[in-house]
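Colleague: coordinates only, sequence not included:
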Ligand code: HEM
């Protein structure tokens with residue numbers, strides 16, 4: 001089907017699914033190297049599919065009603081899965097992303113006011129100045145058309161945004177160091193290891209945890225120092241996340257977070273708040289580089305709707321095609337490609353008995369490319385988000401669903417719109433080797449080996 005410009009839509013990089021389930025050893029190898037290569041063709045067609053056999057099998061759920069059942073209607077029966085906790089909890093402890101029950105509820109109540117529409121709108125100017133600083137850095141390069149790793153540039157930018165907006169720069173003393181340690185943490189623990197997949201007990205030695213331990217220790221020490229400095233500073237009033245985590249009480253119970261929980265949450269928001277958005281921006285830039293007409297439409301829209309740059313949140317609402325491009329990038333390359341859950345009690349889904357401990361996988365990577373729900377699922381066609389915007393049946397969940405939906409969704413959308421409107425009028429991006437761009441799933445979905453591009457000034 002042709003797109004709005006009368007051209008065939010673009011097919012961006014993706015693995016070719018194997019025709020059937022891989023044998024155990026190949027499956028384990030694929031799981032460790034890049035789990036998105038593991039899903040067989042059937043996975044993109046069936047409403048539910050058991051991956052693996054017996055007690056260790058994982059139920060892949062694609063059917064929109066069943067996804068709603070697990071994540072929304074019966075969410076109380078499904079906690080974060082063992083595999084997901086195995087990857088995240090060693091670093092993030094009992095932060096908002098990994099906590100359960102009363103502790104999660106209290107933390108969500110304490111942090112939610114900072115992510116309300118009004119609160120996020122107040123961060124607009126800080127986000128914009130971070131984005132413009134990156135653009136100006138690029139403009140100041142001695143060689144126009146120089147090659148940069150755009151993925152690394154976006155990681156740095158989104159880290160700066162989180163650091164400035166949520167922590168008022170309290171963790172900026174060694175920003176590069178914190179950033180590097182976080183990369184070590186994600187790269188080692190982000191690889192599924194065999195002991196986790198096989199469900200070995202917690203005391204079983206896990207090499208990835210061992211490798212990540214020094215980075216996690218150092219990160220926690222730096223965060224503890226920043227929290228102490230803030231608690232000791234009675235002079236300056238701030239209304240940021242660090243302040244809320246350290247001093248605010250849960251409105252329902254009056255209780256405050258413990259010192260350890262504050263550190264867990266600072267690390268959680270630093271990690272969850274920059275890595276995902278950076279990857280989304282990389283994928284958007286990659287997709288636009290493949291589709292010059294869509295790129296021109298975004299640049300024209302930004303010029304028409306925000307000629308002097310984004311001044312307020314209302315200007316963001318007018319960027320409807322740019323928003324469709326962002327959504328289409330989040331569909332094709334969901335930065336959080338897997339959502340794992342574990343049943344607490346018996347349940348029944350899609351005619352199957354679910355026993356306590358059953359592992360459920362909802363994979364936006366698969367759901368967003370499912371043959372039953374999307375036409376031309378592997379094609380880049382942003383227009384689909386404008387044509388069918390009333391169609392709520394399509395399962396689109398880059399930010400999750402239900403009570404555990406991403407608290408930073410609005411923050412991330414605003415940030416992406418602001419970054420695009422700051423940089424796209426000044427530059428276009430030419431991937432150095434578009435054929436080598438390939439999605440790699442760790443905790444998040446990033447371009448394997450970064451995204452080397454030529455920065456071409458307009
Ligand atoms: C494009 C960017 C982002 C994507 C795709 C994304 C995706 C997600 C997803 C899928 C979940 C739900 C996980 C689950 O149900 O197991 C989640 C949760 C979360 N996200 Fe995001 N996220 C993004 C940006 C952000 C930002 C900017 C922040 C903070 C500033 C953030 C903080 C969190 C936190 C703290 C949670 C846990 C919420 C809870 O369990 O109550 N995320 N995110």
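Modeller: Perfect, thanks for sending it. Keep in mind it's a predicted model, so treat the numbers as computed, not measured.
Colleague: Tell me the helix or strand right after the strand or helix carrying residue 273.
Modeller: Counting by DSSP states H and E, the element that carries residue 273 is helix 259-290. Later in the chain than helix 259-290, the nearest helix or strand by DSSP H and E is helix 292-305.
Colleague: rewinding a little: does the helix holding residue 273 reach the ligand?
Modeller: Yes. Against the ligand, helix 259-290 shows contacts by CB under 6 Å from any ligand atom at 268-269, 272-273, 276-277, 280. Quick note: C-beta positions are derived from backbone N, CA and C, even for glycine.
Colleague: could those go into JSON lines alongside pLDDT and neighbour count?
Modeller: JSON lines is the format used below for those (pLDDT from 0 to 100; neighbours: other CB atoms under 10 Å):
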{"residue": "268", "pLDDT": "94", "neighbour count": "24"}
{"residue": "269", "pLDDT": "95", "neighbour count": "25"}
{"residue": "272", "pLDDT": "92", "neighbour count": "23"}
{"residue": "273", "pLDDT": "91", "neighbour count": "25"}
{"residue": "276", "pLDDT": "95", "neighbour count": "24"}
{"residue": "277", "pLDDT": "97", "neighbour count": "26"}
{"residue": "280", "pLDDT": "98", "neighbour count": "27"}
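Colleague: Tell me the one of those nearest residue 162?
Modeller: residue 273 (4.1 Å; CB to CB).
Colleague: So the closest one sits against residue 155, correct?
Modeller: No. Under the criterion of CB atoms under 8 Å, residue 273 makes no contact with residue 155, lying 11.9 Å away.
Colleague: neighbours around residue 176, how many?
Modeller: 9 (other CB atoms under 10 Å).
Colleague: again, but for residue 104
Modeller: The burial count for residue 104: 19, using other CB under 10 Å.
Colleague: residues touching the residue nearest the centre of the chain, list them.
Modeller: Computing the C-alpha centroid of the chain and ranking residues by CA atoms, centre = their mean puts residue 276 first, at 3.0 Å. Counting by CB atoms under 8 Å, 6 or more residues apart in numbering, residue 276 touches 335-336, 412, 444.
Colleague: That one: what's its closest spatial neighbour, skipping adjacent residues?
Modeller: Computed as CB to CB, 6 or more residues apart in numbering, the closest residue to residue 276 that is not its neighbour in sequence is residue 335, at 4.0 Å.
Colleague: hang on, the earlier thing: with distance to residue 172 as new columns, can the residues of helix 259-290 next to the ligand be given to me in a markdown table?
Modeller: Formatted as a markdown table, the residues of helix 259-290 next to the ligand follow (distance: CB to CB, whole Å):
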| residue | distance to residue 172 |
| --- | --- |
| 268 | 18 |
| 269 | 15 |
| 272 | 19 |
| 273 | 15 |
| 276 | 21 |
| 277 | 18 |
| 280 | 24 |
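Colleague: I'd like the distance between residue 404 and residue 341.
Modeller: Using CB to CB, to the nearest Å, residue 404 is found at 9 Å from residue 341.
Colleague: who touches both of those two?
Modeller: By CB under 8 Å, 6+ apart, residue 404 and residue 341 have these common neighbours: 71, 80.
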